[in-house]
Structures are given as C-alpha cells and as structure tokens.
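Colleague: fold the following, please.
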Amino acid sequence: MHCKLKRLVVTTQHCFCTTSAISVYPTLRLFFLHTFSGMWLKPLLFLYPRASAAVQTLRHLNFTKMEDGCTTQSKSHVLLDLDGTLLDTENVVDEVLKEFLAKYGKQWDGRGDEKRLGKAPLEAAALIIEDYQLPCTPQQFMSEIWPSFENIWCKIKPLPGAVRVIKHLQSHGVPMALASNSPRKNIEEKLSYQQGWKESFSIIIGGDEVEEGKPSPQIFLEAAKKLHAEPSSCLVIEDSLVGVTAGKAAGMEVVAVPSIKTQAPLYTEANCLLSSLFDLRPERWGLPPFEDWIANTLPIEPLYIGGPVIKGFGRGSKILGIPTANLSADDLSSTLAQQACGVYMGWAGLSTRGIYKMVMSIGWNPYFDNTKKTIEPWLLHEFDEDFYGEELRLVIVGYIRPEAKFPSLEALIEKIHEDRHIAEEALDLLPYSQYSNEPFLRTALSTETN
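Modeller: Predicted coordinates for the structure are as follows:
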C-alpha cells in the first residue's frame, strides 16, 4: 500500500502543476476528488506533505461532494419542469379523462401512465387512443377534451415543497427557467393561478416554441441560451424519464423527483433521485442552502385529518413492536394522493383520552411492499388497551425524512425509534409546540358533523 500511495502522489504532483491543468482534464478532476476524500486524505498529507498544495488546489475547484458519494460541479442556474414537478397536474387530469372516456363507454384506469409521463399533448393523446382503442385521431381527441382541461387549471395545486423551492431560489437571486413540453399558452394559464410564480422565472419556454420537445435536449439548451448560461452550469429538476433524458443529453446534471414512484428504479440516468422536493439540498450543487430545518425536521403547512381508528396490517405491535393507530386509506385516498411519501410528525387527539405527540408514515412502506398508499400514525404514549373505533384527530406539522427500503427488519426498527426521538424533541420547540392547543384535536368528529 505504501508503494501505491507513493506512485499516486507522484502522479498528483505532476498533474497539479497548475490549476489550468486540472481544468483541462475533467476526468482527472473527478478521479482525484474521489481519491482525496475521506480516510485517504489525512494519510496522504502526513506521508507526503508536498501533496498538500495539490489537494488544496483541488479543494478550491467549483465542486461539491454529495452525501451519497456522487461528485457534482456547482451550478448557478436552475431549470424546472412544470407538470408533475411543481404542479400536481395528474390528479386533476385523471378527473377529466375519467369523464371523457365514459362517453366512449370506457373506464379510466391509468393504464399507460408511465408511457405518457412528460410527453407533449398530442403524443400523450395518441397513446391514450391506442391504449383505450378510441375511434378518433389525436387532433380530434385534443379538440374535444381541451375545453374541459381549461376549466380545471384553477384546481391544480402545487406539489409538496414546490412553493418553498421557488421562493428560496428566487429570494437568493438564483436565475430560474421553466421548460415544459406543454404549449406556452397552457403554461401561462396554469401559472396565472399560482401567485408570484410567473415573475420568479427569468425564462419560460413551452414545447411549441422549439422544434422538438423532450426527450430532445433542445428545450433545455434553448433555456440555457436565453439565460446566458453554459449547459454545465445548469441544474435540471424533472419528474419524467423523458425530461431526465433531455437534461442529460443537454450536458446538464439532473435531479429526478419521479411522479410515478414505482418507476423510480428506471431513473438510472439521473444524478440524484428524490422522493419529493422536501428532500432537495441545494448546497450539494453549490446553491444557497435552506435554513428552515429545525432539529432535523422541516416545518410544513399543517395538515388536519381524522377518522376512526381501524385495524391495520397486524404488523405494528406483532412484528415491529410499535403499535400504530391506523386510519382508513380508502376514506383518505384523495388527501393521501396529494401528500409526499415520507415520515412526518405532529399531534394526535383521541376524543376520550387526550392529546399526544405523534410520528407517522405516509406512503407504501417499501420494506413491506404495500399495494396502496397508507397512513400509519404512532402515538408516543403507552396505552393499556386498544382503542379501535375511537375518533382520532391528527395535526401534521413537520417532515422528518423520505421513505426508504431498509436491508433488514432490525434496521427499519432502529430507524423508526430514531424518528421517535427526533419527533419527541422537536415537538417541544416552536412553531410545533403551539399546535398542541389546536381545538381541532379536542373536538369529536361526530360533534363537528352534527
């Protein structure tokens, strides 16, 4: 090993004669950045002090070391997709398609979603016609359905974390472009219902303003050109595979936030894969970091939900040793569909017992491969008996982390208890502690509905 270290450092002394030499060879930059990190750095500098200058030169390059071991160059501009990345368009579009297909005696079931995701409208229409065997052309389909779409844009809500990302980047003067496969007129209509969004973007480009939409890189290259930015200085944030492909083909690094969570393993081209925009860490790309995390938790817009406690999967107490007070996923399906998967915390109220701290999961629980999105609260209190059927009210006030698939049951249990400790400490802090006095937690559901 000593000989290998010596040869390596001799090589670095030749390659790091000047800063410009490093700039000319990007492959060497990545190689050395990986090499001179972690446990390798101190032994090298101790054995070969003259290597210090080389390493210090490397440190001053415009790079960021990501937590997952991936190395990325710092960025100065951010390019964002709209539908599925910033706006929860899919749920509203599903409503229109369900009504539209009923006219043809067809039932909308979401088949082919993964093929249509991110496509231009006419391309998506052609795929729907093929999947449902409709007797019309893509042009006829769009002509007939488009008025219905125009009537629902006002119903579209921002996806979790979207407003936070836009406000953060805008307030720190980071130039942003919106690059969507949707027609420009369509984009403008959607933005008109999102206060302050249009003014936050330096550039807006629609799919009808370029010769080829995504997966062609043209729309992102055009956005970079109008921003007077090099493609390598741009970070793309996308939800679709075609968007990721377009961003990578443009020579940009891409953060993927998949709209269809089951498709996440297919996003191998992306530089970074996130469960939601809550998990974005701008500092990984040399951008200003968020400063709103409190004791390892992120304050969110409070979510108020409730219902009778039901029997769950029977694994909380028996398998995990963690008794959960489950609510009906069917009754809350529309609410759950709008929430990012992950681990949250807040306050729980049982109509006949009191108010308790609570940590909970929303999602598919990857370790157990749930077939539906569920909500599983854990009330942080030792109860002497079950309380199935009792009314449970939740005020969800903070986000802790994304869902994860753990290698073992022991690892999952350890992480859940870590979540508990985080929640217990954070809920004593402002702004979280004030929500324990919410009247919503103390009012019985039956009383409210009468």
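
Colleague: so which strand or helix has the closest residue to residue 442 other than its chain neighbours?
Modeller: The spatial neighbour of residue 442 that comes closest, neighbours along the chain excluded (C-beta to C-beta, 6 or more residues apart in numbering), is residue 349 at 5.8 Å. Placement of C-beta: from N, CA and C, glycine included. Here residue 349, judged by DSSP states H and E, is contained in strand 342-350.

Colleague: residues contacting the helix or strand following that strand, please?
Modeller: For strand 342-350, the following helix or strand on the C-terminal side (DSSP H and E) is strand 354-363. With C-beta atoms under 8 Å, 6 or more residues apart in numbering as the test, strand 354-363 has contacts from 324, 336, 339-350, 370, 373-381, 394, 396, 400, 403, 416, 419-420, 422-424, 427, 436, 441-442.

Colleague: in helices, which of the residues you listed fall?
Modeller: Judged by DSSP state H, those include 336, 416, 419-420, 422-424 as members of helices.

Colleague: need the buried ones from the residues you listed selected in ChimeraX.
Modeller: A single ChimeraX command is used to select the members of the ones in helices among the contacts of strand 354-363 judged buried by 16 or more other C-beta atoms under 10 Å:
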select :336,416,419,420,422,423
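
Colleague: ends of stretch 333-348, what's the gap?
Modeller: Start-to-end span of stretch 333-348 (C-alpha to C-alpha, to the nearest Å) is 20 Å.

Colleague: also stretch 378-395?
Modeller: Using C-alpha to C-alpha, one end of stretch 378-395 lies 13 Å from the other.

Colleague: ditto for stretch 82-93
Modeller: Counting by C-alpha to C-alpha, you get 14 Å between the two ends of stretch 82-93.

Colleague: helices along the stretch 51-200 of the chain, start to end?
Modeller: Assigned by DSSP state H, counting those that start in this stretch, the stretch 51-200 of the chain shows helices spanning 51-59, 89-102, 113-116, 121-132, 138-150, 162-171, 184-191, 197-200.

Colleague: same check on the stretch 201-350 of the chain?
Modeller: Using DSSP H, counting those that start in this stretch, helices in the stretch 201-350 of the chain cover 218-226, 241-249, 333-337.

Colleague: pick the most deeply packed of these.
Modeller: With neighbours taken as mean count of other C-beta atoms under 10 Å, the helices of the stretch 201-350 of the chain reach their highest mean count in helix 241-249, at a mean of 24.

Colleague: can you name every helix or strand that that helix contacts?
Modeller: helix 218-226, strand 234-238, strand 253-256 (3 or more C-beta pairs under 8 Å, 6 or more residues apart in numbering; DSSP states H and E).

Colleague: so which of these gets nearest residue 77?
Modeller: Closest to residue 77 of the helices and strands packed on helix 241-249, according to C-beta to C-beta: strand 234-238, at 4.7 Å.

Colleague: now that closest one and helix 241-249, what's the angle there?
Modeller: When axes from the mean of the first three to the mean of the last three C-alpha atoms, to 10 degrees is applied, the directions of strand 234-238 and helix 241-249 differ by 170 degrees.

Colleague: in its sheet, what does strand 234-238 sit against?
Modeller: Strand 234-238 has its sheet partners listed here by DSSP bridges as strand 77-80 (parallel), strand 253-256 (parallel).

Colleague: one step back: could I get the helices and strands packed on helix 241-249 as JSON lines with mean pLDDT?
Modeller: As requested, these are exported to JSON lines (pLDDT from 0 to 100):
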{"stretch": "helix 218-226", "mean pLDDT": "98"}
{"stretch": "strand 234-238", "mean pLDDT": "98"}
{"stretch": "strand 253-256", "mean pLDDT": "97"}
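
Colleague: tell me which of these sits nearest to residue 184.
Modeller: helix 218-226 (11.3 Å).

Colleague: so which residues make contact with that closest one?
Modeller: Contacts to helix 218-226, defined as C-beta under 8 Å, 6+ apart, come from residues 77, 79, 177, 179, 181, 202-203, 205, 207, 209-213, 230-231, 234, 236, 246-247, 250, 252.

Colleague: which residues touch residue 427?
Modeller: Residue 427 makes contact with 345-347, 357, 397-398, 433, 436 under the criterion C-beta under 8 Å, 6+ apart.

Colleague: so what secondary structure elements neighbour the strand holding residue 349?
Modeller: Other elements packing on strand 342-350 under the criterion 3+ C-beta pairs under 8 Å, 6+ apart are strand 298-308, strand 354-363, strand 374-379, strand 391-401, helix 409-426.

Colleague: out of the ones you listed, flag the one nearest residue 119.
Modeller: Using C-beta to C-beta, the nearest of these to residue 119 is strand 354-363, at 26.4 Å.

Colleague: parallel or antiparallel, which strands does the closest one pair with?
Modeller: Applying DSSP bridges, strand 354-363 is found paired with strand 342-350 (antiparallel), strand 374-379 (antiparallel).

Colleague: worst average pLDDT in those strands?
Modeller: Among those, strand 374-379 carries the lowest mean pLDDT, a mean of 93.

Colleague: circling back to that earlier point, can I get the strands paired with strand 234-238 in TSV with distance to residue 111?
Modeller: Formatted as TSV, the strands paired with strand 234-238 follow (distance: least, C-beta to C-beta, whole Å):
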stretch	distance to residue 111
strand 77-80	28
strand 253-256	23
